[in-house]
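Trainee: Fold the following and give me the result.
(chains A, B, C and D)
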Protein chains: 2
Amino acid sequence: MNIGTVSSRSGVPAKTIRYYEDIGLISPQRSTNGYRYFEEKDLHKLAFLGRARTLGFPIEECRKLLALYEDDQRESSKVKSVAEEHLDAIDAKISQLKEMRSTLSHLIGCCAGNELPDCPILENLSNFE
Amino acid sequence: MNIGTVSSRSGVPAKTIRYYEDIGLISPQRSTNGYRYFEEKDLHKLAFLGRARTLGFPIEECRKLLALYEDDQRESSKVKSVAEEHLDAIDAKISQLKEMRSTLSHLIGCCAGNELPDCPILENLSNFE
DNA sequence: TATGCACCTTCCACCGGTGGGAAGGTAAAG
DNA sequence: CTTTACCTTCCCACCGGTGGAAGGTGCATA
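Mentor: Got it, this is the predicted structure:
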């Protein structure tokens, strides 16, 4: 099948598929006219990648996961440790965002939000040292 | 003062300060030798920007906030609405991350993490349609 | 057969927000 | 006078794509 078909079937945009080929995540064959030709296996790999990206795995971790996926001899501990590292990264991001959220919502609660210039939000931001 | 001084006093890296000048967030003067020359006011603006970035405001919102900060006639409602929009964006990111976190930690819990190839994490990722 | 349209190709540029480093000018200290 | 610590501009790289231009291909329709 051509890139358009595999794109709509996998949910991965055609541009992204070409990019994944560029960085060596997939290597589809070529038809005589130069068009990329995808087999069922490529489709599954792309769907796998799409799903892994949805879970927030960065590209390089997707590459590792894909290699493990393709390897019948893998040890599930390898997969698990990749996933656990990513979970830690997610947790770090969440707590950073929560910290921002907490400060910001406090400031918002302090701000009258009227036609006057006084504003605790700006005061906080300009609070120097 | 020169860029090094204003950098260490504001906590904003010199590289970032030059970038902020490029995109028009600040416009320091120049000494006769071509060095950027920063006044106290620039220092405060940079500290303001650094603090706003810490709270996760994207550059364009920082620009708006800086304009409001500089405007004596501002209405605090304007500031508040910028902050509220950003809070919504933060909340959206948090809930997206929490969703990832939830799926991922469930899968991790299901994975034996041993020397065998069977892995619910990979199974889930390869689950096509 | 000609035309149009949808699809495909490559290439280049851009996003945010820096970071790294090269190549060169300048100021101050030893 | 030399060293070193700054400063300057410039360009490349990162992540994970996205947008668009310019041009080739395949198929249906008039």
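Trainee: quick one: contacts for the closest residue to residue A:18 other than its chain neighbours?
Mentor: Spatial nearest neighbour of residue A:18, chain neighbours left out: residue A:3 (7.5 Å); criterion: CB to CB, 6 or more residues apart in numbering or on different chains. All C-beta atoms are positioned from the backbone trio N, CA, C, and that covers glycine. Residue A:3 makes contacts with A:14, A:17-18, A:35-36, A:38, as judged by CB atoms under 8 Å, 6 or more residues apart in numbering or on different chains.
Trainee: Help me confirm that residue A:107 comes into contact with residue A:121.
Mentor: Yes. In this structure, residue A:107 is within contact of residue A:121 by CB atoms under 8 Å, at 4.6 Å.
Trainee: Out of the two, name the residue with the larger neighbour count.
Mentor: Ranked by neighbour count (other CB atoms under 10 Å in any protein chain shown), residue A:107 and residue A:121 place residue A:121 first, with 24 against 21.
Trainee: Next, the contact list for the more buried one, please.
Mentor: Residue A:121 neighbours (CB under 8 Å, 6+ apart): A:107-108, A:110-111, B:76, B:79-80, B:83.
Trainee: do the same with residue A:17
Mentor: A:3, A:6-7, A:10, A:26, A:36, A:46.
Trainee: Just the residues you listed: which are in helices?
Mentor: Those of the contacts of residue A:17 mapping onto helices are A:3, A:6-7, A:10, A:46, per DSSP state H.
Trainee: near DNA strand C, anything from stretch A:29-39?
Mentor: Yes. Interface with DNA strand C: stretch A:29-39 contributes A:34-36 (CB under 7 Å from any atom of the strand).
Trainee: List only buried entries from the residues you listed.
Mentor: residue A:36 (16 or more other CB atoms under 10 Å in any protein chain shown).
Trainee: Filter the residues of stretch A:29-39 next to DNA strand C down to just the ones in strands.
Mentor: Members of the residues of stretch A:29-39 next to DNA strand C lying in strands (criterion: DSSP state E): residue A:36.
Trainee: just curious, which of the residues of stretch A:29-39 next to DNA strand C is nearest to residue A:68?
Mentor: Proximity of the residues of stretch A:29-39 next to DNA strand C to residue A:68 was ranked by CB to CB; the top entry is residue A:36 with 25.0 Å.
Trainee: Just confirm the closest one contacts residue A:22, I think it does.
Mentor: No. Using CB under 8 Å, residue A:36 is not in contact with residue A:22, being 11.9 Å away.
Trainee: OK, contacts around residue A:77?
Mentor: Applying CB under 8 Å, 6+ apart, the residues near residue A:77 are B:113-115.
Trainee: hang on, it is in a helix, isn't it?
Mentor: Yes. Remark: residue A:77 belongs to a helix, assigned using DSSP: H, G, I helix; E, B strand; the rest coil.
Trainee: measure residue A:85 to residue B:86 for me?
Mentor: To residue B:86, residue A:85 is 29 Å away according to CB to CB, to the nearest Å.
Trainee: same question but for residue A:102, I mixed them up
Mentor: Plainly put, residue A:102 is 13 Å away from residue B:86 if you go by CB to CB.
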